[in-house]
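>>> after the sequence you'll find the predicted model.
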Amino acid sequence: MIAPNSIVDLEVFRRYSGLSLPRHVSYPMPTGWNDMDEDGALAMLQDSNKREQDNGLSLYLHIPFCEALCKFCACTRVILKKNVAGAADRVDAYLSAIERDLDRMASVVGSRRVVRQIHWGGGSPTYLSSEQIQRLQGKINDLFDVAPDAEIAMEIDPRTAPPDKLQALRAAGFNRVSLGVQDFSEQVQMHVRRIQPYEMVRETVSVCKALGFESVNFDLIYGLPYQTPATVRDTIEQAIALAPDRVAYYHYAQIPEKIATQRGMDYTKLPDSEVKLEMFMAGVELFGAAGFDFIGLDHFAKSEEGLAQAMEEGTLQRNFQGMTTGGGLDLIGVGASSIGHLAGIGFLQNMRESEDYIACVESGKLPVVRGKRFSDDDRIRQAVISELYCTAEIRPEPIEREFGIVFADYFARELTIMEELQRDGLVILQSNGAIRATMPLGRVLLRTVAAPFDAYLDDDAYRVGDKNCFSANA
Ligand SMILES: C[S@@+](CC[C@H](N)C(=O)[O-])C[C@H]1O[C@@H](n2cnc3c(N)ncnc32)[C@H](O)[C@@H]1O
Ligand code: SF4
């Protein structure tokens, strides 16, 4: 076992780990977005259509329903028991709205644009029946030009994905699945109210493999109450034994001020940041030993899997669903709370509540309520932050070429801070000007390396108590 203090300077780690910094699933972060109306959204979508070089589209469909609540959940979901009065009508109304939204989107973006990726997320898309899934996927195929080799993925809750449903997914063209696994310890499962025996996950994986899904991803979470480094190691070893192609190893996001249902957690059993460091290092050690590449902040992938290849090719992108190979595609979000990302143009976000979404779509309007049109500075910083999270490195040369800037001049302030981070062992400033996050300290504290490049964060974000980590900022 690797003890974190044998390779991480704990004094430095403690100083930086107290910072509350974003994980940058987008840049700018949603806190920097504005209210947006239909005209603003349409103008951005039309701009994306006019682009000379069209890389194609990625579609995201949000299905918010789940049968039961997992206490840790930070996703946008609607808990709806199937047997309560009106549940089926509610789901039908939502699916009709999705179909109408898809109609509208297809007419706005035009059928000539090729769809290269489709991702169904939630909530739990497997809440839907096989027929409902097939109907909706059929609608997408009718409306859009879906590439024959498109990646078609669904987030699967193993508790609602029996073999016949997985078979229906395969028949509808799905070729990738992502399983919500989270943790295998019974005590942790009981506490977070996500009871999902190992056997169930094993059976789901074995059916997925037999059906020929090209990639099977697992979502795991570390930092949950009652987890210890030993239970987390057990979970990782059990996960590896099932041979997933990739793993998202998420740090538990505890935001009770925003997510009321997390308030029922036993806070006295939450691991502290040094114990979480040990859990993170267990992931790096065990997945690494099992032949997985460590990607960005929190993903591991077999080298033959698309994610690792995309990292090599520079097309890897971080978004709200985790890591994706779809860099350069225009992401169109359909469904309540979905987020669209028009490459180089901006973000669009739909209204969050499913009832508002249904009412809005049925009235013939676009359900977009917030968004962000990028400035030149946003584009430059987005490229820098994205490269850092995907490859743990920032190379000035491609940024200079793409945006016509002199990196050292444009980021003079940030480079001064990087020198300080170099002194503390988080980064290495290379002779070609590249900034490389060190392994493990810089990778563990990647958010700290990214933060100075975020123009929307104020200097207070870098402070720990009354101490300023970056004296250059003082
Ligand atoms: C939409 S769910 C996946 C599909 C399905 N609902 C399920 O749970 O199996 C997306 C993933 O987000 C992760 N997640 C949810 N809440 C989280 C939190 N508070 N912190 C970290 N990860 C979280 C879980 O790993 C979960 O699998
Ligand atoms: S983790 Fe998945 S299944 Fe659990 S409540 Fe959240 S979205 Fe639903």
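Right, received. Where do you want to start? Numbering: from 1, shown residues only. Ligands and ions are numbered 1, 2, ... in the order given.

>>> quick one: secondary structure of Lys276?
helix (DSSP: H, G, I helix; E, B strand; the rest coil).

>>> for it, which non-adjacent residue is spatially closest?
Gly223 (4.9 Å; Cβ to Cβ, 6 or more residues apart in numbering). All C-beta atoms are positioned from the backbone trio N, CA, C, and that covers glycine.

>>> what is the burial count for the one you found?
20 (other Cβ atoms under 10 Å).

>>> hmm, it is touching Lys269, no?
No - here Gly223 does not reach Lys269: they are 11.1 Å apart, not a contact under Cβ atoms under 8 Å.

>>> neighbouring strands for the helix or strand harbouring Ala153, and are they parallel or not?
Assessed by DSSP states H and E, Ala153 sits inside strand 145-156. Partner strands and pairing direction for strand 145-156 (DSSP bridges) are strand 114-122 (parallel), strand 176-182 (parallel).

>>> got a pLDDT number for the residue in the stretch 301-450 of the chain that ligand 2 sits nearest to?
Nearest to ligand 2 in the stretch 301-450 of the chain, going by Cβ to the nearest ligand atom, is Ser337, at a distance of 11.8 Å. Predicted confidence (pLDDT) for Ser337: 97.

>>> now do the phi/psi pair for it.
phi 70, psi 0 (degrees, to the nearest 10).

>>> so what's it up against?
Residues near Ser337 by Cβ atoms under 8 Å, 6 or more residues apart in numbering: His62, Pro64, Thr76, Gln349, Asn350, Met351, Arg352, Tyr357.

>>> could you redo the last one with a cut-off of 7 Å?
If a contact means Cβ atoms under 7 Å, 6 or more residues apart in numbering, then Ser337 has His62, Thr76, Asn350, Arg352 as its contacts.

>>> filter those down to just the ones in strands.
Mapping the contacts of Ser337 onto strands (DSSP state E) picks out His62, Asn350.

>>> by neighbour count, which of the contacts of Ser337 wins?
Most surrounded of the contacts of Ser337: other Cβ under 10 Å gives His62, at 27 neighbours.

>>> flag every buried residue along stretch 365-380.
By neighbour count on 16 or more other Cβ atoms under 10 Å, the buried set for stretch 365-380 is Leu366, Pro367, Val368, Val369, Arg370, Gly371, Lys372, Arg373, Phe374, Asp378, Arg379, Ile380.

>>> near ligand 2, anything from the host helix or strand of Asp356?
Assigned by DSSP H and E, Asp356 belongs to helix 354-362. No - Helix 354-362 does not reach ligand 2 (Cβ under 6 Å from any ligand atom); its nearest approach is 13.4 Å.

>>> pLDDT on that helix, on average?
97.

>>> report the distance from it to the chain centre.
25 Å (Cα atoms, centre = their mean, to the nearest Å).

>>> what helices or strands is that helix leaning on?
Applying 3 or more Cβ pairs under 7 Å, 6 or more residues apart in numbering; DSSP states H and E, one finds that helix 354-362 contacts helix 87-109.

>>> now do the helix it packs on against strand 145-156, angle only.
Computed by axes from the mean of the first three to the mean of the last three Cα atoms, to 10 degrees, the angle separating helix 87-109 from strand 145-156 equals 150 degrees.

>>> list the contacts for Gly296?
Per Cβ under 7 Å, 6+ apart, neighbours of Gly296: Arg318, Met323, Tyr389, Cys390, Ala392.

>>> which one among those gets closest to Ala243?
For the contacts of Gly296, the minimum distance to Ala243 (Cβ to Cβ) is 19.2 Å, reached by Met323.

>>> pretty sure that closest one sits in a strand.
Yes - the assignment for Met323 (three-state DSSP) places it in a strand.

>>> burial measure for it, as a count.
25.

>>> mind pulling the model confidence for it?
Value listed for Met323 in the pLDDT field: 76.

>>> get me the contact residues on the stretch 201-350 of the chain for ligand 1.
So the stretch 201-350 of the chain meets ligand 1 at Asp219, Ile221, Tyr250, Tyr252, Ala253 (Cβ under 6 Å from any ligand atom).
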